[in-house]
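Enquirer: Take this sequence and fold it.
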Amino acid sequence: MGTSGRLLTIGEFSRRSRLPASTLRYYHQRGLLEPAYVDPATGYRHYSPTQLVAASLVNELRRAGVRPEIIAEIADGDTDIAALIVTERRRIEAEMQERVHALATLDRLVDRLATGTCYLVSLDERGGRTVPTECGEVDSQSASSGVQRLMVRLRRRLRALRLTDTGGYGAMFPLDLATDPMPVSVFASVAVPEGVSVPTIEIPASGYAATDHTGDHAVGPAYEALLDWIGGNGIRPTGPVIEEYLGDRREPRTRISIGVAP
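Expert: Predicted structure coming up:
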């Protein structure tokens with residue numbers, strides 16, 4: 001950034017930019033706003049009046065939550081500034097959605113604690129079935145996003161085969177959900193016509209203990225209640241673990257089933 005006319009001391013620049021001197025020093029340290037001149041003997045910073053616009057921009061970006069490394073790229077002036085800002089906007093928007101989701105989860109937890117919500121468990125025998133699948137491995141700490149990615153791929157595959165009239169989607173996990181990475185098979189409840197080539201998986205015939213979780217995919221309490229019920233009734237969990245995603249976006253519902261044996 002060039003200079004023009006008399007340089008301003010950091011105090012003068014602070015008053016004109018309405019930014020504290022400590023903030024200007026921080027911006028310098030992070031490479032967000034370089035002084036026009038730093039006295040090698042004293043270390044005093046001096047700024048050009050033309051840098052007031054840059055200081056205002058940096059401050060606005062910081063207040064908007066733009067990451068310092070992105071601001072530094074913008075300050076360099078060698079990149080597409082508009083594209084960088086759009087990318088940051090998308091990131092911040094995604095973070096806001098995650099925060100809204102987190103707040104909704106906390107609200108539901110408060111409601112459960114206030115109302116003493118309980119999970120009803122059913123026990124039934126199910127026949128085996130073969131369903132189209134998309135298999136992969138997911139991080140146990142972010143299984144939900146991993147399942148979503150596999151589901152998107154499965155939906156694309158089914159659309160390409162014109163198999164779109166499904167009875168819903170689900171995912172099959174191993175009994176040990178702490179495995180990392182964790183193998184998972186996302187499936188669609190749709191019959192595969194003869195002659196259509198698509199990867200499939202067999203959901204085994206078994207007795208299943210099941211419960212429904214209403215709300216988002218924070219299903220930990222439902223798993224805890226289901227496993228407590230299985231243990232309390234002297235039943236042995238054998239797996240697999242199956243999640244079926246029911247309801248809709250407004251009122252999501254997850255049916256959790258665990259294969260069991262007497």
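
Enquirer: burial measure for V53, as a count.
Expert: By other Cβ atoms under 10 Å, the residues close to V53 number 11. To be clear about C-beta, it is placed using only N, CA and C from the backbone, and glycine gets the same treatment.

Enquirer: so which strand or helix has it?
Expert: Using DSSP states H and E, V53 falls within helix 52-63.

Enquirer: If I take the very next helix or strand once past that helix and helix 52-63, what angle do their directions form?
Expert: Sequence order places helix 68-76 as the next helix or strand after helix 52-63, per DSSP H and E. Interaxial angle, helix 68-76 versus helix 52-63 (axes from the mean of the first three to the mean of the last three Cα atoms, to 10 degrees): 160 degrees.

Enquirer: where does G31 land in three-state SS?
Expert: Put simply, G31 is coil when judged by DSSP: H, G, I helix; E, B strand; the rest coil.

Enquirer: Can you tell me the closest non-neighbouring residue to it?
Expert: Excluding its sequence neighbours, the residue lying closest to G31 (Cβ to Cβ, 6 or more residues apart in numbering) is A72, at 4.7 Å.

Enquirer: how many other residues sit next to the one you found?
Expert: Neighbour count of A72, defined by other Cβ under 10 Å: 16.

Enquirer: Is it correct that it is in contact with Q29?
Expert: No - judged on Cβ atoms under 8 Å, A72 makes no contact with Q29 at a distance of 11.2 Å.

Enquirer: quick one: pLDDT of G232?
Expert: pLDDT recorded at G232 is 86.

Enquirer: give me the number of residues near it?
Expert: Other residues close to G232 by other Cβ under 10 Å number 9.

Enquirer: which stretches of the stretch 151-262 of the chain have low pLDDT?
Expert: Applying pLDDT under 70 to the stretch 151-262 of the chain picks out residues 165, 217.

Enquirer: residue boundaries of the helices in it?
Expert: Applying DSSP state H, counting those that start in this stretch to the stretch 151-262 of the chain gives helices spanning 220-232.

Enquirer: coming back round to it: contacts for the helix holding V53, please.
Expert: Here helix 52-63 makes contact (Cβ atoms under 8 Å, 6 or more residues apart in numbering) with 1, 13, 16-17, 19, 23-24, 27, 32-33, 47, 68, 70-71, 74-75, 85.

Enquirer: And stretch 181-198, by the same measure?
Expert: 130-140, 143, 146-147, 150-151, 154-155, 157-158, 161, 163, 165-174, 200-201, 203, 244.

Enquirer: same check, this time on stretch 233-240
Expert: For stretch 233-240, contacts defined as Cβ under 8 Å, 6+ apart pick out 123, 172-175, 203-204, 206, 209, 227, 230, 258-262.

Enquirer: One more: stretch 147-158?
Expert: By Cβ under 8 Å, 6+ apart, the residues outside stretch 147-158 that reach it are 132-136, 138, 164, 166, 169, 171, 184, 186-188, 190, 198, 243.

Enquirer: circling back: nearest to A64, out of the contacts of stretch 233-240: which one, please.
Expert: Distance to A64 across these (Cβ to Cβ) is lowest for F173, with 40.0 Å.

Enquirer: State whether the closest one and S257 are indeed in contact, as I suppose.
Expert: No - using Cβ under 8 Å, F173 is not in contact with S257, being 10.7 Å away.

Enquirer: Show only the entries of the contacts of stretch 147-158 found in strands.
Expert: Among those, the residues falling in strands (DSSP state E) are 132-136, 138, 169, 171, 184, 186-188, 243.

Enquirer: And the furthest pair within the residues you listed?
Expert: Farthest apart among these by Cβ to Cβ are P132 and V138. That separation is 18.7 Å.

Enquirer: Cool, thanks, talk later.
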